[in-house]
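Undergrad: no letters, just coordinates:
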């Protein structure tokens, strides 16, 4: 007899529908899985056998063939254990086919018959077109995020069989516990004596502009960067679903509601490899840090300590908002529209700033500065040099403006950007800048001078215009971008000191 059970497998951050076909026939006893399964799928034979026998069921001494269709797509993960077991029960006449009609199944089986959670429940459930989907109890909140299915849960094979046969009602989904109070976000009021840095953080948050902070150790670069997520508004519907799908596929813990609504903040170590940052892998194609920070902030502390090849791999995702990973087995695309914030020292010793003696050899300074290539630096809308605050500001100065009023201004600027058809001003298309970000004659002359003198590239001019539009929005100035807005945008795009000048 043949049984077909709907399920899904994970490829990147997208779910792919899979029809689990189970055929039981006479012949030498055996169990074969075909259809490009990976090692975890092939091992399902032993898990399914132990789970069924632990649940008081008999193992058929017949020839069992499992086909994972379509056969041209590689299958991976243990989430196909449950549909294989259900298909085997239907094909062996231990369960009538009408009981599973219109149901999809996702879950890993334990040797004791328990049904365990698997990563990527959100994209897996989204790939199913069935009316009902059965998942482990721990996955109920994630599966409910999709909103197109009636979600059923079962903690074990015994519970599942009793519900499918009508001997017992479906188990109740787990009751959500009390949601813990979120930790208060770091407040900008803690930052003292960094007026330029605070302005850069506000402009970056309001316009989604990439920011590079350069300065000696202790200047407050990390302190500023970690307060940026608190200025961003909550994620909208599409961004929240995309971020949830990415985090679910990567196996990252989701909030109790199952939906990611706060902008993610990721801060990878400078020893991270290109695969860890960009995504990919061999056996399992996992999203990287740039995808996990989608619709949020990617903070790269000690940016010049990252390998140059890893940093240059960011150039294409920064421009396109998506990263395409090509491997021999598959090609996947990951969303990667993030706000990049980098922090770096002027030289390896950290004391190579203006007016400070540097202890580094010339060769070491040159190697350090070459980590940030010119094309990568050109993609930073904001480049700010910060210095250590003076003692009076640190010990007795008044606190800075709190995050709440700054976040209100950021939200108002983002709303203006949405009225222009984009999430933030950094996404304004270049062909429409003359319409969405017109300039006064004085502002146009300033940019023309910078372009003719070679101080700005054509891409740099576009970025300056977007930043100036954001500055004007924060100031509440409608109409064309004025000269003072362009000048402030240029001042927030400082040229980093070359290695020889740091001596």
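TA: On my side now, so go ahead. Note that the structure is a prediction, hence the values are computed from the model and not measured.

Undergrad: C-alpha from now on. contacts and neighbour counts both.
TA: Noted.

Undergrad: can you give me the helices in the stretch 351-500 of the chain?
TA: 362-370, 374-378, 391-395, 403-419, 433-436, 441-452, 458-474, 483-491 (DSSP state H, counting those that start in this stretch).

Undergrad: tell me the pLDDT at the residue most central in space within the chain?
TA: Centroid check for the chain by CA atoms, centre = their mean gives residue 292 as the closest residue, at 2.0 Å. With respect to pLDDT, residue 292 has a value of 95.

Undergrad: contacts only, for it.
TA: 243, 246-247, 264, 266, 336 (CA atoms under 8 Å, 6 or more residues apart in numbering).

Undergrad: got it, and residue 423?
TA: 414, 417.

Undergrad: got phi/psi on it?
TA: Main-chain torsions, residue 423, degrees, to the nearest 10: phi -70, psi -40.

Undergrad: relative to residue 413, how far out is it?
TA: Using CA to CA, to the nearest Å, we find residue 423 at a distance of 10 Å from residue 413.

Undergrad: low-confidence ranges in this structure?
TA: 177-179, 282-283, 328-329, 352-356, 396-397, 496-503 (pLDDT under 70).

Undergrad: domain assignment for it?
TA: 2-165, 188-502 (automatic domain parsing).

Undergrad: CSV for these, including distance to residue 182?
TA: Conversion of the domains of the chain to CSV gives the following (distance: least, CA to CA, whole Å):
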stretch, distance to residue 182
domain 2-165, 19
domain 188-502, 10
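
Undergrad: just so I know, which of these lies nearest residue 176?
TA: Evaluated over the domains of the chain, closeness to residue 176 peaks at domain 188-502, with 7.4 Å, by CA to CA.

Undergrad: quick one: distance of that closest one to the chain centre.
TA: 16 Å (CA atoms, centre = their mean, to the nearest Å).

Undergrad: could you do stretch 27-40 as well?
TA: 35 Å.

Undergrad: got the end-to-end distance for stretch 225-236?
TA: Termini of stretch 225-236 sit 22 Å apart (CA to CA).

Undergrad: which parts of it are buried?
TA: For stretch 225-236, the neighbour count (16 or more other CA atoms under 10 Å) marks 225-235 as buried.

Undergrad: any chance of those residues in TSV, plus distance to residue 472 and secondary structure?
TA: Formatted as TSV, the buried residues of stretch 225-236 follow (distance: CA to CA, whole Å; DSSP: H, G, I helix; E, B strand; the rest coil):
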residue	distance to residue 472	secondary structure
225	23	helix
226	25	coil
227	22	coil
228	20	coil
229	22	helix
230	22	helix
231	18	helix
232	18	coil
233	19	coil
234	23	coil
235	24	coil
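
Undergrad: mind picking the one among these that's closest to residue 406?
TA: The nearest one, if we look at the buried residues of stretch 225-236 relative to residue 406 and count by CA to CA, is residue 231, at 6.7 Å.

Undergrad: okay, now the residue lying closest to the closest one once chain neighbours are set aside: neighbour count?
TA: In space, and not counting its chain neighbours, residue 231 is closest to residue 407: 4.4 Å by CA to CA, 6 or more residues apart in numbering. By the criterion of other CA atoms under 10 Å, residue 407 has 20 neighbours.

Undergrad: and for residue 346?
TA: Counted with other CA under 10 Å, residue 346 comes out at 27.

Undergrad: ok, residue 270 next?
TA: 15.

Undergrad: gap between the residue nearest to it when sequence neighbours are not counted and residue 122?
TA: Spatial nearest neighbour of residue 270, excluding adjacent residues (CA to CA, 6+ apart): residue 306 at 4.8 Å. Per CA to CA, residue 306 is found 33 Å from residue 122.

Undergrad: which one's more surrounded, these two?
TA: Taking other CA under 10 Å, residue 306 and residue 122 do not tie; residue 122 has more neighbours (28 against 19).

Undergrad: give me every residue that touches that one.
TA: 142-143, 145-146, 244-245, 248-249.

Undergrad: would you turn those into CSV with neighbour count and distance to residue 279?
TA: As requested, those are exported to CSV (neighbours: other CA atoms under 10 Å; distance: CA to CA, whole Å):
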residue, neighbour count, distance to residue 279
142, 24, 23
143, 27, 24
145, 19, 24
146, 20, 24
244, 27, 17
245, 28, 15
248, 25, 15
249, 26, 12
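
Undergrad: so which of those sit within helices?
TA: If you go by DSSP state H, the contacts of residue 122 have 142-143, 145-146, 244-245, 248-249 in helices.

Undergrad: redo those residues as a markdown table? Include distance to residue 203.
TA: Below are those laid out as a markdown table (distance: CA to CA, whole Å):
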| residue | distance to residue 203 |
| --- | --- |
| 142 | 34 |
| 143 | 37 |
| 145 | 33 |
| 146 | 34 |
| 244 | 27 |
| 245 | 29 |
| 248 | 31 |
| 249 | 32 |
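
Undergrad: out of the helices of the stretch 351-500 of the chain, nearest to residue 281?
TA: Once those are compared by CA to CA, helix 374-378 is nearest, at 24.6 Å.

Undergrad: and the closest one, which residues are buried?
TA: 376-378.

Undergrad: need those residues in CSV with distance to residue 285, can you?
TA: Below are the buried residues of helix 374-378 laid out as CSV (distance: CA to CA, whole Å):
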residue, distance to residue 285
376, 26
377, 29
378, 30
